[in-house]
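Undergrad: task: produce atomic coordinates for the following.
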Amino acid sequence: MSKILRLPAVIKKTGISRTTIYRLLEKEEFPKPFPITGRAVGWSDEAINKWIDEKINQGKDEVA
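TA: Sure thing, here's the model as predicted:
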């Protein structure tokens, strides 16, 4: 079962700031949020986990 993460949870989970998240979104390098209500958005926990795993794997490739 997938969870919906709000921005504070995404910040905590990724360790990156709000500004960086939105900068990455502009460059299409971060999972896009989806509307929850008229004013609230959220991210799929699965999409954030996948993004984190990709970043970890990129780091391993760059070191090797």
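Undergrad: neighbouring contacts of stretch 46-54?
TA: With contacts defined as CB atoms under 8 Å, 6 or more residues apart in numbering, stretch 46-54 is touched by 2, 5, 10, 13-14, 30-31. In this view, the C-beta of every residue, glycine as well, is placed from N, C-alpha and C.
Undergrad: same check, this time on stretch 2-12
TA: With contacts defined as CB under 8 Å, 6+ apart, stretch 2-12 is touched by 13, 17-18, 21, 36, 40-46, 48.
Undergrad: so which of those residues sit within strands?
TA: Judged by DSSP state E, strands contain the following of the contacts of stretch 2-12: 41-44.
Undergrad: so which of those residues is the most crowded?
TA: residue 43 (23 neighbours; other CB atoms under 10 Å).
Undergrad: and that one, how far from residue 56?
TA: Using CB to CB, to the nearest Å, residue 43 is found at 18 Å from residue 56.
Undergrad: next, the buried residues of the lowest-mean-pLDDT helix or strand in the chain.
TA: Within the chain, no helix or strand scores below helix 45-63, which has a mean of 89 by mean pLDDT, DSSP states H and E. Within helix 45-63, the residues scored as buried using 16 or more other CB atoms under 10 Å are 45, 47-48, 51.
Undergrad: now, which of those residues sits nearest residue 26?
TA: residue 51 (15.4 Å; CB to CB).
Undergrad: centroid-nearest residue for this structure?
TA: residue 48 (4.2 Å; CA atoms, centre = their mean).
Undergrad: where's that residue relative to residue 59, distance?
TA: 17 Å.
Undergrad: next: residue 23.
TA: In terms of CB to CB, residue 23 sits 19 Å off from residue 59.
Undergrad: how about residue 8?
TA: Plainly put, residue 8 is 25 Å away from residue 59 if you go by CB to CB.
Undergrad: now residue 17: closest residue in space that isn't a chain neighbour?
TA: Distances taken as CB to CB, 6 or more residues apart in numbering put residue 11 closest to residue 17, at 6.7 Å, once the chain neighbours are dropped.
Undergrad: need the pLDDT of that neighbour.
TA: pLDDT, residue 11: 98.
Undergrad: wait, a strand at it?
TA: No. Counting by DSSP: H, G, I helix; E, B strand; the rest coil, residue 11 is not part of a strand but helix.
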